[in-house]
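In: Got a predicted structure here, sequence first:
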Amino acid sequence: MRQGRVPIGMLASGRGSNVQAILDAAAENGFPGDVAVVLSDREDAPALDRARRAGVDAIHVDPLRKGARLAPTAEERILAELERRRVHLLALAGFMRILSPRFLDAFPGPVLNIHPSLLPAFPGLHAQRRALDHGVKIAGCTVHHVDRGIDTGPIIAQAAVPVIEGDDEATLAKRILAKEHAIYPEAIRAVLSASVADTRREGSIDE
Ligand code: GRF
């Protein structure tokens, strides 16, 4: 953790290309946050390897149950790991579990997610395939605040891509993913800059 940087936590279940994009952004001068920890419900998630390679704490948290939710004790463990590192912003990236209202109430900072559609269209799973099936001509991705619903929270940033004749799920997902990697770090930068400005206005950060 570099001095003056806000500690960021990440939750991911898989490949971790968005984790990588944020690790890369945080490696640059002037980024307001540093990734303090990456946590995963899957021990074999490549996202954890990416964190380790970047010298960032990588923690597997056993979800202790199957399905969309984590067991309460698993959520408590995640909260404890975040608190230990004074994490102020939590970024979800391909995290395949739904956080409980209790977790969201307990975490003191913003919780963000990235979703591969132009919300509010196509929330939930298989967004790119459903967009194609629907015949949309413009697809894209959204960074939003996480609330109690699934992909329903207030929107922070979006980027659009064209759907090209002959696209399949893989080609469209790849085009969207490139935009995800661009907008997620920028959205985090914007949220952190805004919250630091708020804190200054409230007088709790000394210039
Ligand atoms: C991304 O498409 C993201 O929008 C969605 O899950 C995918 C995760 O990809 N929520 P990665 O693990 O970040 O590579």
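Out: That came in fine, so what should we check first?
In: State the three-state secondary structure for residue 165.
Out: Per DSSP: H, G, I helix; E, B strand; the rest coil, the local secondary structure of residue 165 is coil.
In: doesn't residue 15 fall inside a helix?
Out: No: counting by three-state DSSP, residue 15 is not part of a helix but coil.
In: Name the nearest residue to it, ignoring sequence neighbours.
Out: Distances taken as Cβ to Cβ, 6 or more residues apart in numbering place residue 46 nearest to residue 15, at 5.3 Å, with adjacent residues excluded. For the C-beta atoms, the positions are set from N, CA and C on the backbone; glycine is no exception.
In: Tell me who's in contact with the one you found.
Out: Counting by Cβ atoms under 8 Å, 6 or more residues apart in numbering, residue 46 makes contact with 14-16.
In: By neighbour count, which of those residues wins?
Out: Within those, neighbour counts (other Cβ atoms under 10 Å) peak at residue 16, which reaches 24 neighbours.
In: residues touching it, list them.
Out: Counted by Cβ under 8 Å, 6+ apart, residue 16 has contacts 38, 45-51, 93-94.
In: ok, now how distant is the residue nearest to residue 15 from the ligand?
Out: 8 Å (Cβ to the nearest ligand atom, to the nearest Å).
In: hey, where'd the helices end up in this structure?
Out: With DSSP state H, the ranges of helices along the chain come out as 17-26, 46-53, 72-84, 101-106, 127-134, 169-202.
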